[in-house]
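Asks: Structure for the following, please:
(2 chains)
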Amino acid sequence: MLNKYPAWKYILILFTLGLGILYSLPNLYPDDFAIQVTGTQSTVVPDEALDNQVQLYLSDAGISLKGTELGQKNLLIRLSTSEDQLAAKAVLQNKLGDNYIAALNMAQTTPEWLKNLGAGPMKLGLDLRGGVHFLLEVDMAKALDQKIKIYTSQLKAEMRSEKIRYRSAQVDGIDGIKIKFKKSEERDKAQSLAADKFREFTRETSDVDNDYFLTLRLSEAKIKEIEDYAIQQNLTTLRNRVNELGVAEPLVQRQGRNRIVVELPGVQDTATAKRIIGKTANLEFRLEAKPDANSRSTQNFKFKNEPNRTVLLEKDIIVTGTNVSNANSGFDENGVAQVNIDLDSNGGKMMLDTTKRSIKRRMGVLFIEQKSETSRKMVDGEEVVTRHSREIRNVINLATIQGAFGNSFRITGLDSSSEASELALLLRAGSLAAPVYFVEERTVGPSLGAENISAGLMSMQIGFGLVLIFMLVYYRAFGIVANVALAINVILLCAFMSLISATLTLPGIAGIVLTVGMAVDANVLIFERIREELKNGMSPQQAIHAGYSRAFITIFDANITTLIAAVILFAVGTGPVKGFAVTLSLGIITSLFTSVVLTRAIVNLVYGGRDIKKLSIG
Amino acid sequence: MNKQIDFMGKRRIAAFFSIALIIASIASLSIKGLALGLDFTGGTLVELEYEVSPDLEEVRSLLISSGYEKLVVQNFGSSTSVLVRLSESFNDKIGNEVVTTLSSTGQSVALKRAEFVGAQVGEELREQGGLGLLLALGIVMLYVALRFQLKFSVGAVGALIHDVIIVIGCFSMLNWDFDLTVLAALLAVIGYSLNDTIVVSDRIRENFRLLRKSTPIEVINISLTQTLSRTLVTSLTTLLVLTALYLVGGEMINGFAKALLIGVLVGTYSSIYVASNVLLALGVTKEDLIAPVVEEGEEIDDRP
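Replies: All right, here's what the predicted structure looks like:
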């Protein structure tokens, strides 16, 4: 019994250890207080001129900065203190006006060489950094209802054009259309029409008192598709709106079948956040006014991207964004960027009627948004800040009608494919596909977040210290080995969590603390076993060997079952509880490595290959 | 040669003790119920920080006179920190409204956090949580049955249910808030208690194969004696960190720490008494462990 590890095992352990230290290192660099400046529109990109301007404003205000960083979409200004940060935000928001948003942020200070290795610090959850959490519920019944109504009018239009005579067609239940016929032949014709053109429906016939009914019902798969589409579209819309809030690192994510989570770190003003998230935006399609048109029937509009260009449009609206059922960007046969737009049947009909008699005229697309604006006035020597929302109508596209079109058409004449995809996005994102309700809202003040961090860290240090002392007293030299393993376990756990950029929450910290308490279990098992074997008369080397090999099966079984509980916790938990499950699972895995492999390596290094009379194991 | 403490000699007392605790817990749960937290019930919660510790009764009457109904006012951690729970649904101004109302007397009050959970969300969470617990128990039972034997599986799951019921019972009896973090703690208790039970079962299995002449009671006593120091040391280290968490971890994870503290204590006891008791009650024998478990109909041995 020599208890020696081959060299490759040591190398492997050292390698893992090195990686662990490397990837947990970024957490030691404290974040800088920072201001993030972004444009309110994607066309407004911060440039070097802005950078210089910002530096000038801040030095005028007597605020010293650590540095600025010009990113793709934003400008990051690093500051040394939280007071400077707040002052700088006020100055910048005031000076830069409504074209830019200055948001509070924390900037990572991970050195470049670590970043190149893909290392970064753990993210802090809302309960640790403060902010707002919303849970929104999408009204799926409304989304389905809208879609069914559109189908019903499409169906009516199709039957009329096929000369099928029906008495009535009504929405039936939440997912069906019921059509009444006088004659069964008419119904048969309608049935084959539905089989041909409305494949997403199942068909069912019934006869009541000489009336013939055809009931079309949406398939489960189609309903799910409609719901998914509604959620997707709402997600897109909400992301756009959250971006307008200028929040650093916002989270907009689907949760479950019909819910959306919105997390805005650092935001305290829930009222503004809620107003912007719940706001409505819309689109209008209008014809360009004829040169000789009466000024009372026309309106002048600015272009969204070219503030100096205006166009005179008719007051009559052809269709609105609520009629847009889908929009995608793509390329036409010549490789020119275009946006494909689908209208619902009503919209399509109106569009067809208008375009038929307006060939070679131009049509404008108006984007209507509710914008919040901040104005400052000096009243009695005090600055009063008022916020109000204003409806803004801007032309986003003006194109010549080349031929009559209806349901489906395309807009070309856009500058680039990015502009096309932005237009498609705006068309889709213009309005929410279905109403949303706030079903959960949590605000965590910044002071509470800081308290949570310090309390969590404090309890971790105390708990860790107590365990270290106990192990040292109880197991002597072997206690030291277990303590080294425990410390490395925490390092590895941090490294893992940083590597998968897991979010650290308060229960997550509790999970780490608990892991510390439980991680020694494997070592306790092994050491107790070694003591037992020594008592049974084995030699120290034999006892070490037997202790490790016999305890291993037990350790393995015990940890697998705990892991099962942790995985289930992850599956059913939400938010912070998920964070706890992640730390617990990772903790189990890392502690298996440190308490079995690592301690054995140390023990072998110290005791292996020698003739020992006695073990220092308490 | 094998030292043994006669744990199983007192198994009837232990069984009586466990059953009494469980009955008390279930009785409390059915009579008093659980003080479910905001996460599960839905409603509004506002946490405030006062400069000077306020009179809670005054705070309550102030709020009632401004038209709030069915409210709960309590201290949260310190005497200057006040938690207000309102049954009405949330609007974005409620936090500030409460602050305005309360600072009308000239007190300096700051809003620390405001939470609103819809009733339906709470209900779903409750169902999911319960389902999660059941699922965890089911999968664990399956794993233990495969790794050990069905009787061990019944023993382990019996111990788990025992622990979970007693922890929930304590929360009910002491009127502590049962929120999402407590549910997480409960699942951690399942993991911990199981860990303990498995370690003991493992030794029992090993000894059944080793000590062919001993009776089941002797085997279990020997196994428990051998694992006792380990059981105590691990419980102690876990309790050490949990106490630290309970004392300095802050009010938001207080419930979590409490649930785990009770869970670890009960879990330690149950790994010694409950699982083994169930094993004996089911009449565990060495035959259960010596040959792999074979289904009745597959008695014909096709091994060489």
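Asks: and A:Ile277, what does it touch?
Replies: Contacts of A:Ile277 were listed using Cβ atoms under 8 Å, 6 or more residues apart in numbering or on different chains, and they are A:134, A:136, A:238, A:241-242, A:262. Heads up, the C-betas are built off the backbone N, CA and C, glycines and all.
Asks: Can you name the residues in contact with stretch A:479-495?
Replies: A:16-17, A:19-24, A:27, A:122, A:464, A:467-468, A:471-473, A:475, A:512, A:515-516, A:519-520, A:523, A:527, A:583, A:586-587, A:590-591, A:593-595, A:598-599, A:602-603, A:606, A:618.
Asks: Mind checking which of these are in helices?
Replies: Those of the contacts of stretch A:479-495 mapping onto helices are A:16-17, A:19-24, A:464, A:467-468, A:471-473, A:475, A:512, A:515-516, A:519-520, A:523, A:527, A:583, A:586-587, A:590-591, A:599, A:602-603, A:606, per DSSP state H.
Asks: of those residues, buried ones?
Replies: Buried by 16 or more other Cβ atoms under 10 Å in any protein chain shown: A:16-17, A:19-20, A:23-24, A:464, A:467-468, A:471-472, A:475, A:512, A:515-516, A:519-520, A:523, A:527, A:583, A:586-587, A:590-591, A:599, A:602-603, out of the ones in helices among the contacts of stretch A:479-495.
Asks: Quickly find the element holding A:Asp292.
Replies: Remark: A:Asp292 resides in no helix or strand, with elements defined by DSSP states H and E.
Asks: Local confidence estimate at it?
Replies: A:Asp292 carries a pLDDT value of 83.
Asks: cool, and A:Ala551?
Replies: 91.
Asks: contacting residues for the closest residue to chain B within the stretch 301-450 of chain A?
Replies: When scored by Cβ to the nearest Cβ, the stretch 301-450 of chain A has A:Val439 as its residue closest to chain B, at 3.5 Å. Residues in contact with A:Val439 (Cβ under 8 Å, 6+ apart) are A:135-137, A:259, B:117-118, B:120-121.
Asks: which one of these is nearest A:Ser59?
Replies: A:Leu136 (42.3 Å; Cβ to Cβ).
Asks: what about the strand or helix carrying A:Thr38, distance to the chain center?
Replies: Using DSSP H and E, A:Thr38 falls within strand A:32-39. A distance of 20 Å separates the C-alpha centroid of strand A:32-39 from that of its chain, computed with Cα atoms, centre = their mean, to the nearest Å.
Asks: Quickly run through the sheet partners of that strand, with directions.
Replies: The pairing partners recorded for strand A:32-39 under DSSP bridges are strand A:74-79 (antiparallel), strand A:100-107 (antiparallel).
Asks: Quick check: closest non-adjacent residue to B:Met8.
Replies: Excluding the flanking residues, the one nearest B:Met8 by Cβ to Cβ, 6 or more residues apart in numbering or on different chains is B:Ile217, at 4.8 Å.
Asks: now swap in A:Val567 and tell me
Replies: Per Cβ to Cβ, 6+ apart, closest to A:Val567 is A:Ser585, 6.4 Å.
Asks: before we move on, what about B:Val284?
Replies: B:Lys151 (5.1 Å).
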